[in-house]
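Chemist: Prediction below, plus the sequence it came from.
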Amino acid sequence: MNPNVFPGQMAYFADPRPGVDPMSGMAWDYDCDGDQDKEYPQDTDGCGLLNCAAPEAFTGDNGEYFCGAPGVLIMCNGVTCTVAGNINLACN
């Protein structure tokens, strides 16, 4: 039994649950709610002064947006944005 998997889990994880098929719908469901909740919304319009999707958004390599996808985190502060590269999209 994985101690990170329990109802009400608030943390996000960049790796699927050990021992669970990573392609299954349960592989990223750490909070046992039946959903794979992504830590960041998808960045749909790039980093810029007037077009940040959210204060923090994820852009996957080749446009991918699934749990564990490689990509970059974009952090917008209203005037500028910062890109943190080489992360995997964490889920709960």
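Modeler: Structure's in. What do you need?
Chemist: any low-confidence regions in this protein?
Modeler: 44-54, 78-79 (pLDDT under 70).
Chemist: show me where it has strands.
Modeler: Along the chain, counting by DSSP state E, strands occupy 56-60, 70-76, 81-88.
Chemist: ok, and the closest non-adjacent residue to Asp31?
Modeler: In this structure, Asp31 finds its nearest non-sequential neighbour in Gln9, 4.0 Å apart by Cβ to Cβ, 6 or more residues apart in numbering. C-beta coordinates here come from the backbone N, C-alpha and C atoms, glycine included.
Chemist: Against Pro70, how distant is that neighbour?
Modeler: Distance of Gln9 to Pro70, computed by Cβ to Cβ, to the nearest Å: 23 Å.
Chemist: wait, doesn't Ala90 sit right on Glu39?
Modeler: Yes: with contact defined as Cβ atoms under 8 Å, Ala90 reaches Glu39; the gap is 4.3 Å.
Chemist: So the residue nearest to Met26 when sequence neighbours are not counted versus Trp28, what's the distance?
Modeler: Excluding the flanking residues, the one nearest Met26 by Cβ to Cβ, 6+ apart is Val20, at 5.6 Å. Here the criterion is Cβ to Cβ. By it, Val20 lies 9 Å from Trp28.
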